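3D, please:
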Amino acid sequence: MDLSTGKPINITDKKLFNDYFHKFSPEISEFTFTNLFMWRNYYNFLFVQFKEHLILFSYDYLKTRRKPINVDSKNYIYFFPPIGPHPDEIILELFENIHDIEVHRVPEDICVELVKNEKFKILNLDCLEDRNNWDYIYNKEEILNLAGNKYRQNRRWLQKFFNNYNYDFKLITKDLVEKCKELQLEWCIMRACTEDESLEAEHDAIHEALNNFESLGYSGGIICVEDKCAAYTFGEMLNEKTLVIHIEKAHMEYEGSYQAINNLFLKNCCVDIEYVNREQDLGIEGLKRAKESYKPIKMVKKSIIYQRK
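Presented below is the predicted three-dimensional model:
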């Protein structure tokens, strides 16, 4: 494999990526073109095609937000799991031929296949669970209807919003993108994004997605109260049964606005889906509590593959 031929992700690569995702249906939230495109500059992604697989990698280990395991950081390369018919075999080939690497966001089924292979032991590899990047999966009907005692608090917040505000919900169109940007800027100012690298990076990634709304083709929803944007969200189909929510932002001034944007978007978009993937909590306690409050039916486990010394 010649990594020197690696290319940065461009909007014109959408068809190529989507062809792979259609043929090899993803489960992890990272694997949509919108997600990879909006974060491409932050993570400095490159990609190559190799033996019928699409392979994403980066030399920028600092963006993984963790110290490499048993790796010289100066020469470090981290990969995402290969997309293709035999990702486990390609991962083994990567470790056989390239030094100082790790493979991140590896789903459980690939780890299971890897540990069965004798080469996994010979190469002295290990799977380290990466809990901060596990995806939260919900039953769509449950988090839409919020029935029962376990959803009591979220149901109260939702009803408070509906009772207190004269709101207007719309699916996002090109004409509404600027309204989303207005709220995003306010949200960032309130949370001092410029003083937090991760929030500033997210702000930039959101603008990449919004600026390319028509080309990327994802779905979104926006709530306005008296012509002011109170909340917005956007996502897309991850696989045949699952919608993945990439971004969800709401104004603190409007109580229950997070619950409202989640509810109204699911009511009006992608009505035939069964599951909702709300991505990871990144180890942030507040985010973890919010995601757990919607009672996930399962977690998509991910691991880091590394070589023991």
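
What are the boundaries of the strands in the chain?
When assigned using DSSP state E, the strands of the chain occupy the ranges 7-8, 46-50, 53-58, 77-79, 101-107, 125-129, 135-139, 167-171, 219-225, 228-239, 242-250, 275-277, 298-300, 302-307.

quick check: mean pLDDT across the third one?
Across strand 53-58, pLDDT averages out at 97.

Tell me, how many residues neighbour residue 109?
For residue 109, the number of neighbouring residues by other C-beta atoms under 10 Å comes to 12. The C-beta positions use only the backbone N, C-alpha and C, and glycine is treated the same way.

follow-up on the earlier one: ok, which of the strands of the chain comes nearest residue 71?
Using C-beta to C-beta as the measure, strand 101-107 is the one of the strands of the chain that comes nearest residue 71, at 6.5 Å.

quick one: pLDDT of residue 65?
The predicted local confidence for residue 65 is 68.

I meant residue 62, not that one.
As summarised for this prediction, residue 62 has a pLDDT of 69.

repeat for residue 252
89.

thought it was touching residue 190?
Yes. Using C-beta atoms under 8 Å as the test, residue 252 is close enough to residue 190 to be in contact (6.6 Å).

what sits against the closest residue in space to residue 56 that isn't next to it in sequence?
If the residues on either side of it in the chain are set aside, residue 56 comes closest to residue 80, at 4.3 Å by C-beta to C-beta, 6 or more residues apart in numbering. The neighbours of residue 80, taking C-beta atoms under 8 Å, 6 or more residues apart in numbering as the test, are 30-31, 55-57, 103-105.

Filter the residues you listed down to the buried ones.
By the neighbour-count criterion of 16 or more other C-beta atoms under 10 Å, the contacts of residue 80 include these buried positions: 30-31, 55-57, 103-105.

what number of residues lie near residue 113?
Residue crowding around residue 113 was assessed by other C-beta under 10 Å; the count is 15.

Can I get stretch 285-301 in PDB? Just the C-alpha atoms.
Output of stretch 285-301 as PDB, limited to C-alpha atoms (Å, rounded to 0.1, in the frame of the first residue of the first chain):
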ATOM      1  CA  GLU A 285     -20.300  14.100  31.700                       C
ATOM      2  CA  GLY A 286     -23.000  16.500  30.700                       C
ATOM      3  CA  LEU A 287     -23.300  15.000  27.300                       C
ATOM      4  CA  LYS A 288     -23.300  11.500  28.700                       C
ATOM      5  CA  ARG A 289     -26.200  12.400  31.100                       C
ATOM      6  CA  ALA A 290     -28.200  13.900  28.200                       C
ATOM      7  CA  LYS A 291     -27.700  10.900  26.000                       C
ATOM      8  CA  GLU A 292     -28.500   8.400  28.800                       C
ATOM      9  CA  SER A 293     -31.700  10.300  29.700                       C
ATOM     10  CA  TYR A 294     -33.200   9.000  26.400                       C
ATOM     11  CA  LYS A 295     -32.500   5.400  27.500                       C
ATOM     12  CA  PRO A 296     -30.500   3.900  24.600                       C
ATOM     13  CA  ILE A 297     -31.500   0.300  23.700                       C
ATOM     14  CA  LYS A 298     -27.800  -0.500  22.900                       C
ATOM     15  CA  MET A 299     -24.400   0.900  22.400                       C
ATOM     16  CA  VAL A 300     -22.200   0.500  19.300                       C
ATOM     17  CA  LYS A 301     -18.900  -0.500  20.800                       C
END
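
Return the set of buried residues in that stretch.
Within stretch 285-301, the residues that qualify as buried are 288, 290-291, 294-296, 300-301, counting by 16+ other C-beta under 10 Å.

how far out from the middle of the chain is that stretch?
14 Å (C-alpha atoms, centre = their mean, to the nearest Å).
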